[in-house]
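Q: okay, sequence plus prediction incoming.
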Amino acid sequence: MRAKLLKIYNQLYNHFGPQHWWPADSPFEVMVGAILTQSTNWGNVEKAIGNLKKAKVLNPRKIIENRKSKIENWIKPSGYYRQKAKKLKAFVGFFLKNYDGSIKKMRAAQLSKLREELLAVHGIGPETADSILLYALDKPSFVVDAYTRRIGQRLGLFKFDDYYQIKDFFEANLPKRVKLYNEYHALLVALGKYYCRPRPKCEMCPLKHLCQTQKN
DNA sequence: ACCCAGGTGGCCC
DNA sequence: GGGCCACATGGG
């Protein structure tokens, strides 16, 4: 299975090239983006982050200082904006209280401890926690999302649907390397966006020959 | 007009 | 402990 996962990786990489994830100017921007992108098109998240930058409030102190209604207006394009304003404030409150708003201090903490702390924050579930760990803090925590599930199942890699089973599957069968986890997840998203969609477009898919789906 | 997007928390049984 | 549901905007 190890060889198969690496083969899939190589084919995706050869097809799509490096994805340069996470697209952001700072680790804090990654964290904010991880919350704003929950069940939302990335293009909408970019608009929201653009608004925060234009207002010069894309930093922990400003997110805490500004009223919730102001945050809501800035992030409105990303959808679920009342929920997400609450989540952003909850996360930043945690970040300031536990780590002085310091990425460096947060990076110094242990992966398993950080993960538990993040999961205790309102609005941070397993995927958002792993995205923050991997893409903002460079911790080797594999990210599972809707694409990962769908692609893994269609390729016949696994049948289960549980977050941790899927996460463990990848982590157990890949070298534990931040760079690899980073690029692998990003490449799965690329495949999911263009080919392995809810209505799959298998004809041009780079993994066509490895997949069960197109045989129907 | 539909369907979908880089989920999560709350409630019900 | 699983199965629904609300949450909301914008693009194809």
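A: Thanks, I have the structure now.

Q: alpha carbons only for contacts and neighbour counts from here, please
A: Fine.

Q: quick check: residues of chain A near DNA strand C?
A: Residues of chain A lying near DNA strand C by C-alpha under 7 Å from any atom of the strand: A:39-41, A:43-44, A:76-84.

Q: try it again with 10 Å
A: A:37-48, A:72-73, A:75-86, A:161-162 (C-alpha under 10 Å from any atom of the strand).

Q: which of those residues fall in helices?
A: A:42-48, A:72-73, A:75, A:81-86 (DSSP state H).

Q: report the buried members of these.
A: A:44-48, A:72, A:75, A:81, A:84-86 (16 or more other C-alpha atoms under 10 Å).

Q: ok, and which of the residues you listed reach DNA strand B?
A: Answer for those near DNA strand B (C-alpha under 10 Å from any atom of the strand): A:44-46, A:81, A:84, A:86.

Q: out of those, which one sits closest to A:Val143?
A: Proximity of these to A:Val143 (C-alpha to C-alpha) peaks at A:Val45, which lies at 18.7 Å.

Q: and the pLDDT for that closest one?
A: For A:Val45, the pLDDT comes out at 98.

Q: try A:Gln212
A: A:Gln212 is given a pLDDT of 74.

Q: distance of it relative to DNA strand C?
A: According to C-alpha to the nearest atom of the strand, to the nearest Å, A:Gln212 and DNA strand C sit 24 Å apart.

Q: thought that residue was touching A:Arg154?
A: Yes. Counting by C-alpha atoms under 8 Å, A:Gln212 touches A:Arg154, with 6.1 Å between them.

Q: ok so, going back, any idea which of the ones next to DNA strand B among the buried ones among the ones in helices among the residues of chain A next to DNA strand C is closest to A:Lys62?
A: A:Lys86 (14.2 Å).

Q: wait, the closest one touches A:Ser69, no?
A: No. If you go by C-alpha under 8 Å, A:Lys86 and A:Ser69 don't touch, sitting 9.9 Å apart.

Q: give me the neighbour count for A:Asn10.
A: When counting by other C-alpha atoms under 10 Å, one arrives at 15 neighbours for A:Asn10.
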